[in-house]
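> Dropping the sequence and predicted coords here.
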Amino acid sequence: MEGPKSAPPGASKVRYFVLFMCFVGIAINYLDRANMSVALPVIDTELNLNLTNTEKGLILGAFFWAYDGMMLLAGWITDKLGARKSFSLAAVWWSAFTALTPLANSFWSFFAVRFALGAGEAPAYPSATQAASRWFPKSERAFATAVIDSGSRVGTVLALPIVTAIIALATWHYSFVIFGAIGIVWAFFWYLTYRDPSDHSRANDLERQYIIENGGRTSDSDSPEATQIRWIDLFRYRTVWGMMIGFFCLNFVIYFFLTWFPTYLKTARGLNLAELGTYGMLPGLAAIVTAWIAGAVADRAIRNGANVTTVRKIIMVGGMLGGAAILPAALVETVYVALVFLAISYSSLAIAATAIWSLPADVAPSSKHVASIGGIQNFASNIAGIISPFLFGFLLDKFNGSYTPAFIMAACAALVGALSYAFIVGRAEPLPVLQPRS
């Protein structure tokens, strides 16, 4: 039976509260990882560390060694424990190590605390992806995903003015302690309020029925054969490998904005602390707005009968191609024109991410595989988090501080990602059950 294309009158709207909580959780997650990018130049000067660009890149990338190493396990654990437990436990872990960061005083101690922080943040995106897949039907999934993923942009954007303001008013130490405390508070409220639709006391039957009948990924819609697919067998699907390649390429570019971007504005474009906290927000703000619009437009197209695969691929391929606009930013003379190109690049990548994070719920063989596939593609994407900051720093040292070679490298990665989503990723529908290996 085909369900309604919009929620029926009288249906509760608990899913929007869940969406808000996921958005806030991801925003805090990114505040805690981005604050080091803003504070590192000040930390280096105040502690007389005399770090090279390569060493700075290693500190910024240390987070991703643990984050990525834990990602495959995080997706599997989230599918076993559920989003309520996994997200709250993760937030407590990463918030504690955020608050402990001011105890570091050397290259290796900063590397270690960032490594521990990364391990704790790994379950965040798989947990939010699972929650969204259970609470949002297919015709609302792109916008919900856009809102959740925009938390990463909001956290990154807010880190610039908030951390610079805290440094100006007090010291860099307080930014880590304050952000850590905020994360602990959020973890408490998430654990207190989150439940799956079937168990949530504030969700009525009309909302539950609307979600199930329109593609929400719950156990009620799972086939027994699909639930038996082993985690390791997910790697037998070409679509999963295409998702891994494409997301690696997206994050290879996007992690410039999460790591080197403040340093780029300060050293290559000569912005002072106050300008860094204002102009530095522009690409991120543009990315937030455009991603929300793209998600809403995609959902409307699907509700009006557009093919889901076509909608997802147009957004992913087009967004990746737009991400290559990072290259002209290195070639123009004025900071204002450079910011325009960087805003185009960041916005395009954010638009692509709305479809990329919708895919796990679209293609998972059952509801028990959504977080696992989300973790798998996020694992691949964050290998870029390890490689990209280091390569940017290496190329800066190699070419006397010029960002042009690094931006050429990033633009090429965006083009490869577009090809992967166009030709390797298959249809946006549940993957078929494969025959067991003999």
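In hand now; what should we look at?

> I383 reaches F247, doesn't it?
No. Counting by Cβ atoms under 8 Å, I383 stays clear of F247, with 9.8 Å between them. For every residue, glycine as well, the C-beta is placed using N, CA and C.

> Neighbour count: those two, which is higher?
Set side by side, I383 and F247 show more neighbours around F247, with 29 against 18, by other Cβ atoms under 10 Å.

> quick check, distance from the helix or strand hosting the more buried one to the centre of its chain.
Using DSSP states H and E, F247 falls within helix 238-259. When C-alpha coordinates are averaged (Cα atoms, centre = their mean, to the nearest Å), helix 238-259 and its chain have centres 10 Å apart.

> which parts of it are buried?
For helix 238-259, a neighbour-count test (16 or more other Cβ atoms under 10 Å) marks 239-259 as buried.

> Can you find the helix or strand of this protein with the lowest average pLDDT?
helix 273-279 (a mean of 78; mean pLDDT, DSSP states H and E).

> For that one, which helices and strands make contact with it?
Using 3 or more Cβ pairs under 8 Å, 6 or more residues apart in numbering; DSSP states H and E, the elements in contact with helix 273-279 are helix 141-169.

> do you know how far E333 is from D79?
Per Cβ to Cβ, to the nearest Å, E333 is found 51 Å from D79.

> Kindly report the same for L342.
Using Cβ to Cβ, L342 is found at 37 Å from D79.

> So if I had to pick from the two, which one is more boxed in?
Remark: of L342 and D79, L342 carries more neighbours, 28 against 24, as counted by other Cβ under 10 Å.

> Return the distance of the more buried one relative to I326.
Distance, L342 to I326, using Cβ to Cβ: 7 Å.

> which residues are in contact with both of those two?
Common contact partners of L342 and I326 (Cβ atoms under 8 Å, 6 or more residues apart in numbering): none.

> Can you pull out the low-pLDDT segments for this structure?
Along the chain, the parts satisfying pLDDT under 70 run over 1-5, 438.

> Show me which residues of the longest helix anywhere in it are buried.
What stands out as the longest helix in the chain, according to DSSP state H, is helix 14-46. If you call a residue buried by 16+ other Cβ under 10 Å, then helix 14-46 has these buried ones: 14-15, 17-19, 21-44.

> how big is the angle separating the following helix or strand past that helix from helix 14-46?
Per DSSP H and E, the first helix or strand lying C-terminal to helix 14-46 is helix 53-81. In terms of direction (axes from the mean of the first three to the mean of the last three Cα atoms, to 10 degrees), helix 53-81 departs from helix 14-46 by 150 degrees.

> Would you check the distance separating the following helix or strand past helix 53-81 from the middle of the chain?
Sequence order places helix 83-100 as the next helix or strand after helix 53-81, per DSSP H and E. Mean-position distance between helix 83-100 and its chain equals 16 Å (Cα atoms, centre = their mean).

> For helix 83-100, buried residues please.
83-91, 93-95, 97-99.

> ok, so of those residues, who is nearest G318?
A83 (30.3 Å; Cβ to Cβ).

> For the residue nearest to I167 when sequence neighbours are not counted, give its distance to L276.
Leaving out its chain neighbours, the residue that sits closest to I167 by Cβ to Cβ, 6 or more residues apart in numbering is V42, at 5.7 Å. V42 sits 11 Å away from L276, going by Cβ to Cβ.

> What of W260?
Separation of W260 from L276 (Cβ to Cβ) stands at 13 Å.

> Contact partners for K138?
K138 is in contact with 214-216, 302, 308, 361-362, counting by Cβ under 8 Å, 6+ apart.

> for F176, same thing?
Contacts of F176 (Cβ under 8 Å, 6+ apart): 35, 39, 98-102.

> wait, which of those is closest to Q435?
Checking those against Q435 with Cβ to Cβ, the nearest one is T98 at 46.7 Å.

> Assess the claim that the closest one and Y30 are in contact.
No. Counting by Cβ under 8 Å, T98 stays clear of Y30, with 11.6 Å between them.

> pull the CA atoms of stretch 303-312 into PDB?
The C-alpha coordinates for stretch 303-312 follow below in PDB (Å, rounded to 0.1, in the frame of the first residue of the first chain):
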ATOM      1  CA  ARG A 303       7.600  13.900  -3.500                       C
ATOM      2  CA  ASN A 304       6.500  15.100  -7.000                       C
ATOM      3  CA  GLY A 305       7.600  11.800  -8.500                       C
ATOM      4  CA  ALA A 306      11.200  12.300  -9.600                       C
ATOM      5  CA  ASN A 307      13.400   9.200  -9.600                       C
ATOM      6  CA  VAL A 308      15.300   9.000  -6.300                       C
ATOM      7  CA  THR A 309      18.500   7.700  -8.000                       C
ATOM      8  CA  THR A 310      18.500  10.600 -10.600                       C
ATOM      9  CA  VAL A 311      18.000  13.200  -7.900                       C
ATOM     10  CA  ARG A 312      20.800  11.800  -5.700                       C
END
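
> Of all the residues in that stretch, which ones are buried?
Buried, per 16+ other Cβ under 10 Å, within stretch 303-312: 308, 311-312.

> quick check, nearest of those to D397?
Nearest to D397 among these, with distances taken as Cβ to Cβ, is R312, at 39.5 Å.

> residues in contact with the helix or strand hosting that closest one?
Using DSSP H and E, R312 maps to helix 308-323. Residues from elsewhere that reach helix 308-323, judged by Cβ under 8 Å, 6+ apart: 138, 142, 246, 249-250, 253-254, 294, 298, 301-302, 344-345, 347-356, 358-359, 362, 410-411, 414-415, 417-418, 421-422, 425, 427-429.

> For Y194, give me phi and psi.
Main-chain torsions, Y194, degrees, to the nearest 10: phi -80, psi 130.

> ok, it - contacts?
So Y194 contacts 18, 21, 83-84, 87, 131 (Cβ under 8 Å, 6+ apart).

> a markdown table for those residues, including distance to E207?
Below are the contacts of Y194 laid out as a markdown table (distance: Cβ to Cβ, whole Å):
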| residue | distance to E207 |
| --- | --- |
| V18 | 11 |
| M21 | 16 |
| A83 | 18 |
| R84 | 18 |
| F87 | 21 |
| A131 | 15 |
